[in-house]
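S.K.: Pasted the sequence and its predicted model underneath.
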Amino acid sequence: MKQLAQYKNYNKIAIMGGTFNPIHIGHLVAAEAVRQELGIERVIFIPTGNSPHKENDPMYNEHRYLMAVLATVTNPYFEVSRMEIDRTGKSYTVDTVKELRYMCSKDCEIYFITGADAIEQILTWKDPEELLSICRFVAVTRPGYDKTRLEKTINTLKKKYKGNIVFLEVPALSISSTDIRNRVVANKTIKYLVPDSVENYILKFGLYSTEFALTPRINDINKRLHSVLTPKRFRHTQGVAEEAVRLAERYGADMEKAYYAGLLHDCAKCYTDEEKLSMCEEYNVPLDDVLMKQPDLAHSFLGAALARAEYGVDDEDIINAICYHTTGRANMSLLEKIIYIADYIEPNREFFPGLEEIRQLAYTDIDRAVEYSLRNTIDYNTNKKRIIHPLSITALEYYREENNEK
Ligand code: NAP
């Protein structure tokens, strides 16, 4: 019972919710600013458990929790809860707030602090109406955050649910967990972006870098990719490389080649259309009518040329895996199929219809996964009124026949 009455003496408490992978100075500054601004007596950091909207690697749950403990230990107003980490099944904010309500006095005000990006999606969370009636929300924003979208959500909430959301801009939130992970992979310093204890923890357990990522050549590639890709794209390439290694292990392919191909598959993705066209000319990449009309599609062909000329790749199978990772083609090599599928299912991919099916097929029957993905892509792009590349059409015909004959 003592446990249940834990917060009975407080009038205002706040939950600081987030993935915290890893926790950084921006989170700490935000929590402290909200605490002071709103007169909050206790801030409880609750790292997400089994998130309803994305898959967290369970191995990282303990690391995320322990880093939050290390980061908050010196602030007497802060504590960390295992409530969501220890919850079995999907973890919903409404359940967390209700659980906390039992531990508080009847009149205690509960605030939920999290990133504005997350709160924008609140209407898709479980039981938004109930949630908004049992706690107040604080949306902390990064500098330059465009409030228009969230303001629309807030207006709907006010009208429909009488919900209330407070904004607080926190300059220190220009730091992001994604950037910290990317910096670790690219071997760049994270000093002063996270508390020393968290930095030491990341280094001690080798978090965010894989066995392959530690080799000097991969290190150089990552440094270069980090400078030419957006943070989100960089993270995606790490996810593809890691997923490709898992698939290579499953199907007995060369894991190192899979890692290189995954890492480099999008190396040409973040140039503008004009840059892509002029680089295709410079690197002698032939462009057919479809690629001329949709230069973004040329990024895989250009990527293969750049991998050879700029990143020192001379293995034809790696080059082909990069070259055909977007269109696919008939009769792909095992490595080509692995990169095609890894690009689709890597863990950072945001949800889209069919993702779960492809994730399952990927590890049971890669040819069926390829067929399913090709069909999905062709349907999606047809709906978007894009021209489908003939390579994709012949690839789908090829895999449909192959799979029917099995
Ligand atoms: P996320 O992926 O970690 O965060 C989304 C964005 O918000 C990122 O830009 C992140 O920056 C920022 N952010 C997250 N937590 C923050 C915090 N406390 N302070 C400042 N910025 C923060 O998190 P998420 O998965 O969207 O979840 C956020 C919270 O919403 C969690 O508590 C989660 O349980 C809850 N949620 C609930 C439901 C549901 O109940 N159905 C659904 C979705 C989310 P950094 O990467 O730098 O942290």
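M.R.: Cool, got the structure. Residues are numbered from 1 along each chain as shown.

S.K.: Every contact and neighbour count from this point should use C-alpha atoms.
M.R.: Noted.

S.K.: burial count for the closest residue to the ligand within the stretch 151-300 of the chain?
M.R.: Residue of the stretch 151-300 of the chain nearest the ligand, by Cα to the nearest ligand atom: Ser176 (3.3 Å). A count of nearby residues for Ser176, using other Cα atoms under 10 Å, gives 21.

S.K.: Please settle this for me: is Val43 part of a helix?
M.R.: No. Checked against DSSP: H, G, I helix; E, B strand; the rest coil, Val43 lies outside a helix; its state is strand.

S.K.: Let me see the contact set for it.
M.R.: Contacts of Val43 were listed using Cα atoms under 8 Å, 6 or more residues apart in numbering, and they are Ile13, Ala14, Ile15, Met16, Ala31, Arg35, Tyr77, Phe78, Glu79.

S.K.: Show me the residues you listed that map onto strands.
M.R.: Ile13, Ala14, Ile15, Met16, Phe78, Glu79 (DSSP state E).

S.K.: what does the domain assignment say about the chain?
M.R.: As given by automatic domain parsing, the domain ranges for the chain are 4-177, 217-404.

S.K.: Do me a favour and get the end-to-end distance for the last one?
M.R.: Read that as domain 217-404. 42 Å (Cα to Cα, to the nearest Å).

S.K.: Tell me if it is near the ligand.
M.R.: No. Domain 217-404 does not reach the ligand (Cα under 6 Å from any ligand atom); its nearest approach is 10.2 Å.

S.K.: do stretch 7-17 as well
M.R.: Yes. Using Cα under 6 Å from any ligand atom, we find that stretch 7-17 touches the ligand at Met16, Gly17.

S.K.: what's the answer for stretch 110-128, then?
M.R.: Yes. Using Cα under 6 Å from any ligand atom, we find that stretch 110-128 touches the ligand at Ile113, Thr114, Gly115, Asp117, Ala118, Trp125, Lys126.

S.K.: Am I right that the last one falls within a strand?
M.R.: No. Remark: Lys126 does not belong to a strand; assigned using three-state DSSP, it is coil.

S.K.: Just the buried positions in the helix or strand of the chain with the lowest mean pLDDT, please.
M.R.: The least trusted helix or strand in the chain, going by mean pLDDT, DSSP states H and E, turns out to be helix 148-161, with a mean of 77. Going by neighbour count (16 or more other Cα atoms under 10 Å), the buried part of helix 148-161 is Leu150, Thr153, Ile154, Leu157, Tyr161.

S.K.: repeat for stretch 68-85
M.R.: In stretch 68-85, counting by 16+ other Cα under 10 Å, buried: 68-72, 77-85.

S.K.: ok, of the domains of the chain, where does mean pLDDT dip lowest?
M.R.: With a mean of 89, domain 4-177 has the lowest mean pLDDT of those.

S.K.: What residues does Leu70 make contact with?
M.R.: Counted by Cα under 8 Å, 6+ apart, Leu70 has contacts Ser197, Val198.

S.K.: Also the one 3 residues further on?
M.R.: For Val73, the contact set (Cα under 8 Å, 6+ apart) comprises Glu79.

S.K.: Packing partners of the longest helix anywhere in the chain?
M.R.: In the chain, with assignment by DSSP state H, the single longest helix is helix 231-251. The helices and strands touching helix 231-251, judged by 3 or more Cα pairs under 8 Å, 6 or more residues apart in numbering; DSSP states H and E, are helix 177-185, helix 255-264, helix 334-345, helix 355-364.

S.K.: Report the inter-axis angle for that helix versus helix 177-185.
M.R.: Interaxial angle of helix 231-251 relative to helix 177-185 (axes from the mean of the first three to the mean of the last three Cα atoms, to 10 degrees): 60 degrees.

S.K.: Kindly tell me how buried the residue nearest to Asp317 when sequence neighbours are not counted is, as a neighbour count.
M.R.: The spatial neighbour of Asp317 that comes closest, neighbours along the chain excluded (Cα to Cα, 6 or more residues apart in numbering), is Leu335 at 6.9 Å. Counted with other Cα under 10 Å, the neighbours of Leu335 add up to 25.
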